[in-house]
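**Q** Dropping a prediction and its sequence here:
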Amino acid sequence: MSALRELYQQILNCQQCGLAESRTKVVPGEGPEDTAIVFIGEAPGWHEDQQGRPFVGPAGHFLDELLGSIGLKRGEVYICNVIKCRPPQNRDPLPAEIKACQKWLDLQLELLHPKLVVTLGRYSMMRFFPGETITKIHGKARKQGGIIYYPLYHPAAALHQRSLQEIIRADTLKIPLLLAEAEGASELKEKPQQLSMF
Ligand code: URA
């Protein structure tokens, strides 16, 4: 069994916060282990909690559409969340839940060592861009420690707010260039505190 699959077993048995009581299924994440690109959402919703898979509800269908717009299929990328269990009524994750779950995402990224990390929504952005706001930094990439981090609005937010749809579609179209950058086709200057525009 691969180290990632072993990690899934640990995540599936996690009892580190109160969400263990209310969840139906844990949603560790899924995708090829050798992918260069990882998408990180917020937390499972109702559909994900039922199926144990990330982004399988309406937000997931929109994510599939966004991936399709850049010639990617969901099976070609890794998809996971900051929080592995559904908060009741889809409420925002609590700070204690985020803290309890943090190690799982850290370990996933360590094992996957992606070249490009796309954050979906505020909670995922906050994990890599503390102190920033999504309205300010969506669609702006930053390279740190050899990895490009790229914040997008959450697909669910875009589904509820039509004005965000064109923004998330346009931001998504920049991913192929970032991927090429990340895979070393050309140089993106490494300036940890500065966001690079594409
Ligand atoms: N929203 C998320 O952030 N993650 C999912 O898996 C589904 C919806």
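**A** Alright, I've got the coordinates. Predicted model only: the values in this text are computed from it and were never measured.

**Q** For residue 30, grab the count of nearby residues.
**A** For residue 30, the neighbour count with other Cβ atoms under 10 Å is 17. Using the backbone N, CA and C atoms, a C-beta is placed for each residue, glycine as well.

**Q** what's the answer for the one 4 residues further on, then?
**A** Look at residue 34: counted by other Cβ under 10 Å, it has 8 neighbours.

**Q** Next, please give the residue ranges for the helices of the chain.
**A** Secondary structure of the chain by DSSP state H: the helices cover 3-12, 19-22, 46-51, 58-69, 95-112, 122-128, 134-137, 155-160, 162-172, 175-182.

**Q** a markdown table for those, including distance to residue 35?
**A** Below are the helices of the chain laid out as a markdown table (distance: least, Cβ to Cβ, whole Å):
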| stretch | distance to residue 35 |
| --- | --- |
| helix 3-12 | 11 |
| helix 19-22 | 27 |
| helix 46-51 | 20 |
| helix 58-69 | 12 |
| helix 95-112 | 7 |
| helix 122-128 | 17 |
| helix 134-137 | 24 |
| helix 155-160 | 19 |
| helix 162-172 | 17 |
| helix 175-182 | 10 |
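
**Q** can you list the residues of the protein near the ligand?
**A** 41-45, 48, 54-55, 59-60, 81, 156 (Cβ under 6 Å from any ligand atom).

**Q** could those go into CSV alongside pLDDT?
**A** CSV is the format used below for the residues of the chain next to the ligand (pLDDT from 0 to 100):
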residue, pLDDT
41, 98
42, 98
43, 98
44, 98
45, 97
48, 98
54, 98
55, 98
59, 97
60, 98
81, 98
156, 97
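
**Q** Return the closest of the residues you listed with respect to residue 133.
**A** Checking the residues of the chain next to the ligand against residue 133 with Cβ to Cβ, the nearest one is residue 42 at 15.6 Å.

**Q** burial count for the spatially closest residue to the closest one that is not a sequence neighbour?
**A** Sequence neighbours aside, residue 123 is the residue nearest to residue 42 in space, at 4.5 Å (criterion: Cβ to Cβ, 6 or more residues apart in numbering). Neighbourhood size, residue 123 [other Cβ under 10 Å]: 20.

**Q** who touches residue 123 in this structure?
**A** 42-43, 82-83, 92-93, 98 (Cβ atoms under 8 Å, 6 or more residues apart in numbering).

**Q** Can you get me a residue count around the closest residue to the ligand within the chain?
**A** Here the residue of the chain nearest the ligand is residue 41; by Cβ to the nearest ligand atom that distance is 2.9 Å. For residue 41, the count of nearby residues is 28 (other Cβ under 10 Å).

**Q** now the one 3 residues further on
**A** By other Cβ under 10 Å, the residues close to residue 44 number 29.

**Q** Equivalent analysis for residue 160, please.
**A** With other Cβ under 10 Å as criterion, residue 160 counts 11.
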